[in-house]
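> just the structure for this:
(2 chains)
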2 protein chains.
Amino acid sequence: MELWYTEKQTDNFGITAKISKTYVTEKTDFQDLAMIETEEWGTMLVLDGMVMTTVKDEFVYHEMVAHPALYTHPNPKHVLVVGGGDGGVIREVMKHPEVEKAVLVDIDGKVIEYSKQYLPTIAGELDNPRVEVLVNDGYMHIHDHKNTYDVIMVDSTEPVGPAVNLFTQGFYKGIYDALKEDGIFVAQTDNPWFKADLIQNVNRDVKQIFPIVRVYCANIPTYPSGLWTFTMGSKKHDPLAVDETKIPEIDTKYYSPRLHKAAFVLPKFVEDLTK
Amino acid sequence: MELWYTEKQTDNFGITAKISKTYVTEKTDFQDLAMIETEEWGTMLVLDGMVMTTVKDEFVYHEMVAHPALYTHPNPKHVLVVGGGDGGVIREVMKHPEVEKAVLVDIDGKVIEYSKQYLPTIAGELDNPRVEVLVNDGYMHIHDHKNTYDVIMVDSTEPVGPAVNLFTQGFYKGIYDALKEDGIFVAQTDNPWFKADLIQNVNRDVKQIFPIVRVYCANIPTYPSGLWTFTMGSKKHDPLAVDETKIPEIDTKYYSPRLHKAAFVLPKFVEDLTK
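Numbers count the residues shown, from 1 in each chain, chains lettered A, B, ... in the order given. Reported below is the predicted structural model:
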């Protein structure tokens, strides 16, 4: 008997992956959580029927959430990750020695718990003494911490379920206030093939709050369309003004100093969504 | 009853697309050909069980085969397309008024015939008077035309079936000889997630023949992993030496003057395959 995980990424298109084990299927207080072993991508975390991360391709997403912002800010000491309970973004943040403290706020403690158990190569840095892990509502945390962070990263699920508040203008305004005077935020903003409206809406909303707004892309094979966008809002520092020759060559598999600016050069149809 | 086209892109992973009509399923003299109507991607051409092109995302592949080479060569008058019987690359080549003649050589006349019938928005320029369509073996055509072309584009299937000769060093040597003294060639070279070896092998082979070898990427959602590579070999002109400000803003949806060089900045794990 062969078991396949099939995800309808739209009503009419999806991916299918052969699985060898099902470790967890559980309805948490916030979402449906599954941890499965796939033949192609290794262990896979699925929330509300959507691939969140896999051992084989997770590096793309986690590196591309963390490094463009951290190499744009000249001195990121205090970092907040909203969501991201698997710990992958935190692992990348910990590659920056100038970060004194990183706070992770995920609303669902079960994501953290099962990631530590089944995704140790991703979650391993959650126990780093520079990391504080909070099981809490990121939206509330943002509103309770004014003028606190240098960089805020929103590693959320799609705007269904617990993450629906994380795609609102009120949230972006809260992030603006939670950032210090030269702070930067970055959020995953889905894919341009099936969710063009979302990218346009976020871009319009963030532009009303942040003076510098930039969108960049990365290829994530297990995410819908294989092309993912990230939206960065910045109070002062422009990622395109960074001197790439000053970016160190750290241990990454996707991000590189050479890619820092090139990632912001968008395919024309994506560029058009940001105008 | 729902019908879905499911393609195993590897033994353990694939895509699945809901279909509303099957226009053609035929074993031609060279390959299995299917033309189907998908809900998500429009009409789709499938050869030997692999998506070749769809109406909705075809622009990425066809633009990215044609324009980087044509905007690197200063005066591309004579262009050869090997394979590409759907006509999509030819359509993009025809956007360059300096091209006096484009020759398309596809071994399988059925691909041309059915593309004209079912993919008119892709195949429409095959009747352009500047285009010559030959149903013939591209490998032989190359060897019979020394010092003839400014740009040669290899729009082949994967190296199984009729395209197996098109991934050999003998073929690249033939292309070198078929190009004029400042000629450029470009070939699709599959994806870096599942076919890293192929990219490495082609890169090694082409470097033994051409002094300038560059690899670039584009996102194609219906192709394996969503990330596709293209390998360019050039006798004289370097795509990275092009003055992007001199590239005109033509009617494209993926390629742009801004993307000309940025497309060559590779994710680190892909960059490593080209060293």
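> for chain A, give me the ranges with low pLDDT.
Along chain A, segments meeting pLDDT under 70 are nowhere present.
> around chain B, pick out the residues from it.
A:6, A:10-18, A:38-41, A:57, A:60, A:193, A:217-221, A:225-227, A:252-256, A:258-259, A:261-262, A:265-269, A:271 (C-beta under 8 Å from any C-beta of the partner chain). (Glycine included, C-beta is placed from N, CA and C.)
> just so I have it, where are all the strands in the stretch 101-250 of chain A?
Assigned by DSSP state E, counting those that start in this stretch, the strands in the stretch 101-250 of chain A fall at A:101-106, A:131-135, A:149-155, A:179-188, A:212-219, A:227-234.
> deepest of these, which one?
With neighbours taken as mean count of other C-beta atoms under 10 Å in any protein chain shown, these reach their highest mean count in strand A:149-155, at a mean of 26.
> outside of that one, which residues touch it?
Strand A:149-155 has contacts (C-beta atoms under 8 Å, 6 or more residues apart in numbering or on different chains) with A:65-66, A:69-70, A:73, A:75-84, A:88-89, A:93, A:103, A:138, A:142, A:166, A:175, A:178-180, A:182-188.
> what do you get for stretch A:165-183?
Counting by C-beta under 8 Å, 6+ apart, residues outside stretch A:165-183 touching it are A:73, A:78, A:80, A:82-83, A:138-139, A:142-143, A:145-152, A:154, A:156, A:159, A:185, A:187, A:198, A:201-202, A:205-206, A:208-210, A:233-237.
> which single residue in chain A comes nearest to chain B?
Here chain A gets closest to chain B at one residue, residue A:226, 1.6 Å apart by C-beta to the nearest C-beta.
> what is the neighbour count of that residue?
The tally of other residues near residue A:226 (other C-beta atoms under 10 Å in any protein chain shown) stands at 27.
> and residue A:247, by the same measure?
Using other C-beta under 10 Å, residue A:247 has 18 other residues around it.
> which residue is nearest the middle of chain A?
residue A:155 (3.2 Å; C-alpha atoms, centre = their mean).
> what's across from that one in the sheet?
Assessed by DSSP bridges, residue A:155 has beta-bridge partners residue A:83.
> which among the contacts of stretch A:165-183 end up buried?
Among these, those classed as buried by neighbour count (16 or more other C-beta atoms under 10 Å in any protein chain shown) are A:73, A:78, A:80, A:82-83, A:138-139, A:142-143, A:145, A:148-152, A:154, A:156, A:159, A:185, A:187, A:198, A:201-202, A:205-206, A:209-210, A:233-235, A:237.
> just say helix, strand or coil for the closest residue to residue A:242 other than its chain neighbours.
Closest residue to residue A:242 apart from its sequence neighbours, by C-beta to C-beta, 6 or more residues apart in numbering or on different chains: residue A:72 at 5.6 Å. At residue A:72, secondary structure determined by DSSP: H, G, I helix; E, B strand; the rest coil is coil.
> show me the contacts for residue A:72.
Counting by C-beta under 8 Å, 6+ apart, residue A:72 makes contact with A:184, A:232, A:234, A:237, A:238, A:239, A:242.
> switch to 7 Å and redo it
A:184, A:234, A:237, A:239, A:242 (C-beta atoms under 7 Å, 6 or more residues apart in numbering or on different chains).
> any idea how far it is from residue A:64?
Per C-beta to C-beta, to the nearest Å, residue A:72 is found 13 Å from residue A:64.
> over to residue A:259?
Distance, residue A:259 to residue A:64, by C-beta to C-beta: 9 Å.
> and what of residue A:95?
From residue A:95 to residue A:64 the distance is 13 Å (C-beta to C-beta).
> before we move on, what about residue A:10?
Distance from residue A:10 to residue A:64, counting by C-beta to C-beta: 23 Å.
> quick one: which of the two has more around it?
Each of residue A:10 and residue A:64 has its neighbours counted (other C-beta under 10 Å); residue A:64 has more, 27 against 15.
> that one: what secondary structure?
Quick answer, by three-state DSSP: residue A:64 is helix.
> residue A:218 is in contact with that one, correct?
Yes: counting by C-beta atoms under 7 Å, residue A:64 touches residue A:218, with 4.2 Å between them.
> give the residues shared as contacts by the two.
residue A:254.
> alpha carbons of the longest strand along chain A, in PDB - could you do that?
Longest strand of chain A, by residue count under DSSP state E: strand A:13-27. Below are the C-alpha coordinates for strand A:13-27, written out as PDB (Å, rounded to 0.1, in the frame of the first residue of the first chain):
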ATOM      1  CA  PHE A  13      -4.100  22.200  -8.600                       C
ATOM      2  CA  GLY A  14      -2.000  20.600  -6.000                       C
ATOM      3  CA  ILE A  15       1.100  18.600  -5.000                       C
ATOM      4  CA  THR A  16       1.400  15.000  -4.000                       C
ATOM      5  CA  ALA A  17       4.100  13.400  -1.900                       C
ATOM      6  CA  LYS A  18       4.700   9.800  -1.000                       C
ATOM      7  CA  ILE A  19       4.700   9.300   2.800                       C
ATOM      8  CA  SER A  20       6.300   6.500   4.800                       C
ATOM      9  CA  LYS A  21       5.200   7.500   8.300                       C
ATOM     10  CA  THR A  22       2.600   9.600  10.100                       C
ATOM     11  CA  TYR A  23       4.000  10.800  13.400                       C
ATOM     12  CA  VAL A  24       1.300  13.200  14.500                       C
ATOM     13  CA  THR A  25      -2.200  14.300  13.400                       C
ATOM     14  CA  GLU A  26      -3.800  16.400  16.000                       C
ATOM     15  CA  LYS A  27      -6.300  19.200  16.300                       C
END
